[in-house]
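Enquirer: I'll drop the sequence and a predicted model, then ask my questions.
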Amino acid sequence: MDNNPYLHFSENYFFKKMIPQVNKRADRVFIKSFFAQFLLFILIVLIALYFNHKARNKVMLEEEMERLQSAQFILSEDFGAIGDDLILLENEEKVKTYFMEKNSESLQQLESSLLFFSKIRRVYSQIYFFDEKGNEIIRIYKDNMPERYSFMNINQMQKGELYISPLDLSRKNGPLSSPSQPIVRFGMAVFSSDGKRQGMILLDYNAKYKVEKFNHHFASTETVNYAIIRFDGKYISGFDGLKTGNENLSFADDFPDLWSLMEEKEYVQVEKEEGLFTVSSFSPEKEMRDYLSKNNKIISVLRPEGSPDEIRTSIVSWIKRDRGFQILSYLTPSFLLFCLIFQLLSFITMWILIHRGMMRKGFGVWMESFFQGLEKNPASIVFTDEKGNIQYANMKFQELSGYSSEEVYQQNPKILKSGKMTAEGYQTLWDTISSGNNWSGEFHNKNKEGNFYWVYASISPIFNKKGQIIRYLGIQEDISYRKELIRQLEEKSSTDSLSGLINRRTFFEKMDIEVERSRRRGYVFVLMMIDVDFFKKVNDTYGHQIGDKVLINLSDNLRASLRSADICARIGGEEFIIVLPETRLDHGVKSAERLRKYIEEHPFAVDEKVISYTVSIGVTLWNKDEKLESTINRADEYLYRAKKEGRNRIVSEEIEN
């Protein structure tokens, strides 16, 4: 027989009963999967064809995206430098001279300077110069004044702002000019040194040569067409060149779904029924801002009124279906063999994974229930490591101890010691559990707030496969209420309910012990019998309630005058008895006299009434050769004589002698 105390959970009877149930559920799931094999086979084939198709398309898309990025560079390579031109013109000395003098000579010099600038920078079809009211002062390469975008935009500009329009086709008083000429307009306000707006500069950038260069490098063919699309969906350069300059034709109308995507994204690649579309969008505004930022020139850009947040121009590539984008049949014998092997492996893997997964799930549910049982158990449960440091404590433990999980983790349960259990007791406990045995017993613990409580604890060691102790399990039941109930019952059975002193039965139990102790050690003790004088008269005069108050007051005075080792009891209606261990008779008589005199001189108030009373006391010394009853009878006789001789006095053999 194996003596190893280690127990594996799989050996548990209830866990063994769980396994067949889990296997049945796993079989049902697997059968459903088995009938889905044919669908899985078809799905694998379709996925293979789909991804093969997508792989070929991906290569074409990547190639096309690279081409469009090259096209984007062709169209936008000048935009960054235009910002430099505007800043240069704004700071031109002749511009400042004109606004300071505003005469014909300074105007002629400014016009000559702008004309020279236009010859050097041939990319501008027109250059305009306006005063602060928007009146045209100078126009280089005179042509009709553009009206498509309001000059109010420029007139409202602040220092450091640039105006920029979309890439568009030029117009003359509204309609498109013929032949069409693609332009982008840039503007900047001119300010004096004190920040006053003095005028405006407007440059018409001629993008005709860039568009021609684009059309040359990206000429449309039978299978691939290219187009440049304006920010509002109109054509700047249409497919095959057929749609250019016709405002009635719109890419947004021809391809509304694609246009919706283009409005949301800068780069779009999508396969439609008509073919494969690749879109690359760029913003003259962004190109200029990036260029100036790299050169540490910080500006803000003002857009035309009514324009979107970002004015973008899009380049569209359209690869038509007849280029070979049909999903072809790849069902070759080798491909089918691969699918069949893949399906067989999937079948085996599925069976293994389903059964293991269901078993893992069932075990997880079982463990979750086990953990919930630990956490919500009405008993306090603690796991410690082999050194006794806490590794886990449930909610009940935290409730009883007042410590949170974080506070007790890696702490020793000794933090709960109240000091009542001896070091020998703890050593016995540790010797028991460390030797592999169970221990049970009571603990008197102290919680975090310093309050005491009782628990009944059982501690068991937990072993690994080698039979070594790896941790301990402690289960504690709160028995504080039970302990308190026992204490109250014992107190009620041993205590007089009115006075709070021990009763007659308990007195004689204690005296049996005291007599035995005194005989063994050769000690003597003094015994007093005390009675309230005229107690019946007190009851008749004030009532029994006041009489009870007198007895309570006397009990309090007796307790206050005694030592911890002295014994005091109420043995009758108004009769009390006191024992003073290890006391001589003369000392006992003196103690009795102090008590008598104190009571006589200290009346007490009850319900606005002052109550005074006296006591008579009989005092005697216990003789080790006599029984306790004889000593009590002798003290009672002295008490009787004290009453007979006038009350409020002490009688004993000491006084007689």
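Expert: Happy to help now that I have it. Numbering: from 1, shown residues only.

Enquirer: CA only for contacts and neighbour counts going forward, please
Expert: Fine.

Enquirer: please enumerate the strands of the stretch 351-500 of the chain.
Expert: Using DSSP state E, counting those that start in this stretch, the strands assigned to the stretch 351-500 of the chain run over residues 380-385, 390-393, 439-446, 452-463, 469-478.

Enquirer: between these, which gets nearest to A642?
Expert: Closest approach to A642 among those is made by strand 452-463 (48.7 Å; Cα to Cα).

Enquirer: just the angle for that closest one relative to strand 380-385, thanks.
Expert: 50 degrees (axes from the mean of the first three to the mean of the last three Cα atoms, to 10 degrees).

Enquirer: which other helices and strands does strand 452-463 contact?
Expert: helix 423-434, strand 439-446, strand 469-478, helix 480-494 (3 or more Cα pairs under 8 Å, 6 or more residues apart in numbering; DSSP states H and E).

Enquirer: how about the ones you listed, which one is nearest V365?
Expert: Comparing those under Cα to Cα, the one sitting nearest is strand 469-478, at 22.4 Å.

Enquirer: could you identify which of the strands of the stretch 351-500 of the chain is most buried?
Expert: Comparing those by mean neighbour count (mean count of other Cα atoms under 10 Å), strand 380-385 ranks first with a mean of 22.

Enquirer: then it to CSV, C-alphas only?
Expert: Extracted in CSV, the C-alpha atoms of strand 380-385 (Å, rounded to 0.1, in the frame of the first residue of the first chain):
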residue,chain,number,x,y,z
SER,A,380,-12.4,31.2,8.0
ILE,A,381,-10.0,29.4,5.6
VAL,A,382,-6.3,30.1,5.3
PHE,A,383,-3.5,28.5,3.1
THR,A,384,0.1,29.0,4.2
ASP,A,385,3.4,28.0,2.7
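
Enquirer: sheet partners, orientation included, of that strand?
Expert: Strand pairing for strand 380-385, using DSSP bridges, gives strand 390-393 (antiparallel), strand 469-478 (antiparallel).

Enquirer: chain center to the first one, what's the gap?
Expert: It refers to strand 390-393. Here the centre of strand 390-393 is set off from its chain's centre by 22 Å, with Cα atoms, centre = their mean, to the nearest Å.

Enquirer: quick one: average pLDDT of that strand?
Expert: Averaging pLDDT along strand 390-393 gives 89.

Enquirer: which residues does it contact?
Expert: Strand 390-393 has contacts (Cα atoms under 8 Å, 6 or more residues apart in numbering) with 380-385, 405, 408-413.

Enquirer: surely K94 and E111 touch.
Expert: No. K94 is beyond contact range of E111, at 9.1 Å (criterion: Cα atoms under 8 Å).

Enquirer: nearest to R487, of the strands paired with strand 380-385?
Expert: Between R487 and these, the tightest spacing by Cα to Cα is seen for strand 469-478, at 15.6 Å.

Enquirer: mind checking what helix or strand follows the helix or strand harbouring S106 in sequence?
Expert: Element membership for S106, per DSSP states H and E: helix 104-120. The C-terminal neighbour of helix 104-120 among helices and strands, as given by DSSP H and E, is strand 124-131.

Enquirer: and that following strand, which strands flank it?
Expert: Strand 124-131 has the following strand partners under DSSP bridges: strand 136-140 (antiparallel), strand 197-206 (antiparallel).

Enquirer: rebuild those as TSV, extending it with mean neighbour count.
Expert: Formatted as TSV, the strands paired with strand 124-131 follow (neighbours: other Cα atoms under 10 Å):
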stretch	mean neighbour count
strand 136-140	17
strand 197-206	22
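
Enquirer: wait, which of the ones you listed is closest to D84?
Expert: The nearest among the strands paired with strand 124-131, by Cα to Cα, is strand 197-206 at 12.2 Å.

Enquirer: what pLDDT, on average, does that closest one get?
Expert: 80.

Enquirer: give me the distance from it to the chain's centre.
Expert: On Cα atoms, centre = their mean, the centre of strand 197-206 falls 57 Å from the chain's centre.

Enquirer: make residue 1 into 47 and carry on from there
Expert: From this message on, residue numbering opens at 47, which makes the last subject strand 243-252.

Enquirer: identify the residues contacting it?
Expert: 132, 135-136, 145, 169-180, 200-201, 227-238.

Enquirer: any idea how far P66 is from S415?
Expert: Distance of S415 to P66, given as Cα to Cα, to the nearest Å: 19 Å.

Enquirer: and for N69, the neighbour number?
Expert: Look at N69: counted by other Cα atoms under 10 Å, it has 17 neighbours.

Enquirer: actually, T677.
Expert: T677 - counted by other Cα under 10 Å - has 20 other residues nearby.

Enquirer: try N497
Expert: Residues contacting N497 under the criterion other Cα under 10 Å number 12.

Enquirer: other SSEs contacting the longest helix along the chain?
Expert: In the chain, with assignment by DSSP state H, the single longest helix is helix 379-421. Judged by 3+ Cα pairs under 8 Å, 6+ apart, helix 379-421 is in contact with helix 59-81, helix 83-122.

Enquirer: between those helices, which one is nearest to I592?
Expert: Between the helices and strands packed on helix 379-421, helix 59-81 lies closest to I592; by Cα to Cα that is 69.7 Å.

Enquirer: re earlier: which one of the contacts of strand 436-439 is nearest to E151?
Expert: Nearest to E151 among those, with distances taken as Cα to Cα, is S451, at 90.3 Å.

Enquirer: got a list of what that closest one touches?
Expert: 438-439, 444.

Enquirer: include distance to K422 when you put the strands paired with strand 426-431 into a markdown table, please.
Expert: What follows is the strands paired with strand 426-431, written out as a markdown table (distance: least, Cα to Cα, whole Å):
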| stretch | distance to K422 |
| --- | --- |
| strand 436-439 | 11 |
| strand 515-524 | 13 |
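
Enquirer: so for G410, which of the ones you listed sits nearest?
Expert: strand 436-439 (19.1 Å).

Enquirer: restricting to C-alpha, output that closest one in PDB.
Expert: Presented in PDB, the C-alpha positions along strand 436-439 are these (Å, rounded to 0.1, in the frame of the first residue of the first chain):
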ATOM      1  CA  ILE A 436      -0.100  33.200   4.600                       C
ATOM      2  CA  GLN A 437      -0.600  32.600   0.800                       C
ATOM      3  CA  TYR A 438      -4.400  32.800   0.700                       C
ATOM      4  CA  ALA A 439      -7.200  34.000   3.200                       C
END
